[in-house]
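Asker: Generate coordinates for the sequence data below:
(chains A and B)
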Amino acid sequence: MTRADIDHTPTAEDAHRALGALRAEVGKAVVGNDQAVMFLVLALLCRGHVLLEGVPGVAKTLLVRALAMALELEHSRVQFTPDLMPGDVTGSQIYDPHSAEFTFRRGPVFTNLLLADEINRTPPKTQSALLESMEERQVSVDGKPRPLPDPFVVIATQNPIEQEGTYPLPEAQLDRFLFKVDIRLPERDDEFRILQRHAAGFDPRDLAAAGLHPVAGAAHIAAGRAAVAQVAISPEVLAYIVDLCRGTRSSPAVQHGASTRGATALLAAARAFAWLNGRAYVTPDDVKVVAVPVLRHRLQLRPEAELDGVTAEGVMSALLMSVPVPV
Amino acid sequence: MNDGDNPEFAAPEPRPQGRDAAESGSVPPVPRLGPAGSHRSSAEQAALQRDFTTALRERFRAVVRGLEQAGVLEVRRSRTAHETADTAEATAQATELPGAARSFDEVVYGGRPATEAEYHLLEQADRYSLAPPPPDEPVEMVARERHPMRWQLPPLPQLLRSPKFWAAVLGALLVALVIYLLLHLSGAPKAPPPPQTPSPGEPPPPPSPDFNGAGNDSIFGRLPSWLAYGGVQWLICAALVVWWRARRRGALVGEPRPVQVAANELLAGQAALYRRAKDRDHTAAKLRAATLRRIRPALSLTADAPPDRVIATLAARLHSPADRVGPVLYGPVPDDATLEMIAAQLDLIESEIAT
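Answerer: I've put the predicted structure just below:
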């Protein structure tokens, strides 16, 4: 795909083709993790945000950088630390001695893809600074709202194995993430291919040398969003989504189930997934594919269930095996 | 401010009527399926009226229920059309169903009207919806023989027929006997020494100067010694019984219902109950029913196949004499060793059929 293809106003078919080519393009830098790439693209189409969970060293940052490069979008990375202040993320007023005025210096949040690395290492005050950006897509400083660029997606990472010195994300912020995606350690074959690439001279800091080039842009995402909005969904599938979400609330292992925001998120993700698969309608299969990453971080388990080893993924699997599908 | 201005007391908005109600749409009910035969007849009726959209949907439902009734698929309402087709293709070589599932999705969820050709393709491929409705219990469980009792007890109250009641009565009698023996074997109370009668001419001794009119003996001192001794025994017994029956580890914890129990725990619990009840016939019938449900598709047998046909088909498939296969599937189970042997042979049969 040439630069001219990206710059012209794309149609829905162009957008579908370009976003479909993303996986192969990101695959030039990241081996495996196709699921994560798919959910990142779905988040772009749904105006959602993604929480990536994985141990250190599984190419979470590389994945985001590769995606930003293949999409020709701006990206920035913030390493969340215990002493990070809200102004370090959103920006702050700086006194300019030349003009003798306060000017606003934009923070790293003014970008298309924001990688919030190890978001659970910073106190809730700084975590909450992202809330307005994620939901309203704007930053208010001194009472003046400043809109963020479009698209704007927060891709946050957290490490599941360390508990010391971490601040678990509050439920209100977790609910703002469209997906929670596990980045797993690669399989044997994938790890072999990673080492093979590194042996051949692959440099993760120089993605252009690895052959990555933009295959889609913000215009493709906008065209894709317009097409996703046209995807039809039957009342029966809507009722299936409602039944799934209500099932999370009545599960004996769950203290607080998915909110109505969770149900709307599931609807949006299922529509985007159907469109990515070339369909103009949503099936229950689409709902099932996206249900676990959309809903699992919205479930608050009972303490006794957690002690018994029950997980949110287990609850979701049981629900998907028990909620009747409209056939 | 009058009451009408207060939003807390405002009457609820009336629900939309007429056209507005039609636009808001009704909430679909929880999906349920009936027997395969009823969906099949609905499909045929709709096809006669050239409503192929309804016909296709009902025919697919008939196929799903037929596959469940034939034992090919587990009875579950949470399967999508594609999952049903993929499972049926894997277990019953139903290669035409994935294509039918695609048409089903387009018609039911995509809103495209079904064509006559699509319906007839599914109709021709439907060899499942004629399966008989499932019996209340697996065939193998119903076929189990129950020997009538030679004599019957006269009707008695439930309590008198309970062995636990008689065990409790026997236990109480034993405890009473033990206490009685303890009281009599531990030595009879000694008779008090005869009182010394004062001589008639001798005056009674003068009262002590600090005598205040009250004695220093208690009521317990005047109880017969056997009663005091028995009372202590009873108290010790009661304390032991309370400690035995009333002890618990930690505070009571309320558990939300329904309770989720891990499958392996449930299995182990049921197995222990069967073992305690020594109900080998029931255990064997369960194992046999599960094996037959799994191997039936591979043998092209339906759920209502008679035992003779099942034995003959299985014997032919395993190249084994029918008189060796028959007892494994339908023979008596007199003891635990036979049950273990039957379980092992059922495993062997399943592995042979799978290969």
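
Asker: Now do B:V75 against chain A, distance only.
Answerer: For B:V75, the distance to chain A equals 12 Å [C-beta to the nearest C-beta, to the nearest Å]. Placement of C-beta: from N, CA and C, glycine included.

Asker: Report the residue ranges of every domain in chain A.
Answerer: Using automatic domain parsing, the domain parsing of chain A gives A:3-224, A:231-320.

Asker: Generate JSON lines for these, with distance to chain B as supplementary columns.
Answerer: Below are these laid out as JSON lines (distance: least, C-beta to the nearest C-beta, whole Å):
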{"stretch": "domain A:3-224", "distance to chain B": "17"}
{"stretch": "domain A:231-320", "distance to chain B": "4"}
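
Asker: Need those domains in CSV (columns: mean pLDDT and mean neighbour count).
Answerer: Below are the domains of chain A laid out as CSV (pLDDT from 0 to 100; neighbours: other C-beta atoms under 10 Å in any protein chain shown):
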stretch, mean pLDDT, mean neighbour count
domain A:3-224, 86, 17
domain A:231-320, 92, 20
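
Asker: host element of A:R197?
Answerer: helix A:188-199 (DSSP states H and E).

Asker: Out of the domains of chain A, which is closest to B:P193?
Answerer: domain A:231-320 (70.0 Å; C-beta to C-beta).

Asker: Tell me how chain B divides into domains.
Answerer: Here the domain assignment for chain B is B:36-125, B:277-354, based on automatic domain parsing.

Asker: quick one, which of the ones you listed is packed in tightest?
Answerer: domain B:36-125 (a mean of 19; mean count of other C-beta atoms under 10 Å in any protein chain shown).

Asker: now the end-to-end length of it.
Answerer: 15 Å (C-alpha to C-alpha, to the nearest Å).

Asker: and that domain, average pLDDT?
Answerer: What domain B:36-125 shows for mean pLDDT is 87.

Asker: now it, how far from the centre of its chain.
Answerer: Chain-centre distance of domain B:36-125: 33 Å, with C-alpha atoms, centre = their mean, to the nearest Å.

Asker: What is the burial count for B:V241?
Answerer: For B:V241, the neighbour count with other C-beta atoms under 10 Å in any protein chain shown is 11.

Asker: The residue nearest to A:P204 when sequence neighbours are not counted: helix or strand, and which one exactly?
Answerer: Counting by C-beta to C-beta, 6 or more residues apart in numbering or on different chains, the nearest residue to A:P204 once its immediate chain neighbours are dropped is A:L62, at 5.3 Å. Using DSSP H and E, A:L62 sits in helix A:60-71.

Asker: list the helices and strands that helix packs on?
Answerer: helix A:12-26, helix A:34-46, strand A:75-79, strand A:113-117, strand A:153-158 (3 or more C-beta pairs under 8 Å, 6 or more residues apart in numbering or on different chains; DSSP states H and E).

Asker: 6 Å instead?
Answerer: Applying 3 or more C-beta pairs under 6 Å, 6 or more residues apart in numbering or on different chains; DSSP states H and E, one finds that helix A:60-71 contacts helix A:12-26.

Asker: CA atoms only for the helix it packs on, dumped as PDB, please.
Answerer: C-alpha atoms of helix A:12-26 as PDB (Å, rounded to 0.1, in the frame of the first residue of the first chain):
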ATOM      1  CA  ALA A  12     -15.300   0.900   3.900                       C
ATOM      2  CA  GLU A  13     -13.800  -1.800   1.700                       C
ATOM      3  CA  ASP A  14     -10.400   0.000   1.700                       C
ATOM      4  CA  ALA A  15     -10.600   0.300   5.400                       C
ATOM      5  CA  HIS A  16     -11.400  -3.400   5.800                       C
ATOM      6  CA  ARG A  17      -8.600  -4.400   3.500                       C
ATOM      7  CA  ALA A  18      -6.100  -2.100   5.200                       C
ATOM      8  CA  LEU A  19      -7.000  -3.100   8.700                       C
ATOM      9  CA  GLY A  20      -6.900  -6.800   7.600                       C
ATOM     10  CA  ALA A  21      -3.300  -6.200   6.400                       C
ATOM     11  CA  LEU A  22      -2.300  -4.900   9.800                       C
ATOM     12  CA  ARG A  23      -1.800  -8.300  11.300                       C
ATOM     13  CA  ALA A  24       0.800  -9.300   8.700                       C
ATOM     14  CA  GLU A  25       2.500  -5.900   9.100                       C
ATOM     15  CA  VAL A  26       2.800  -6.100  12.900                       C
END
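
Asker: what residues does that helix touch?
Answerer: Helix A:12-26 is contacted from outside by A:V37, A:V41, A:A66, A:L67, A:A70, A:V215, A:A216, A:H220, A:A223, A:G224, A:A227, using C-beta atoms under 6 Å, 6 or more residues apart in numbering or on different chains.

Asker: do the same with stretch A:123-132
Answerer: For stretch A:123-132, using C-beta under 6 Å, 6+ apart, the contacting residues are A:L84, A:P86, A:V89, A:T90, A:Y167, A:Q173.

Asker: And those, which two are furthest apart?
Answerer: A:T90 and A:Y167 (18.3 Å).
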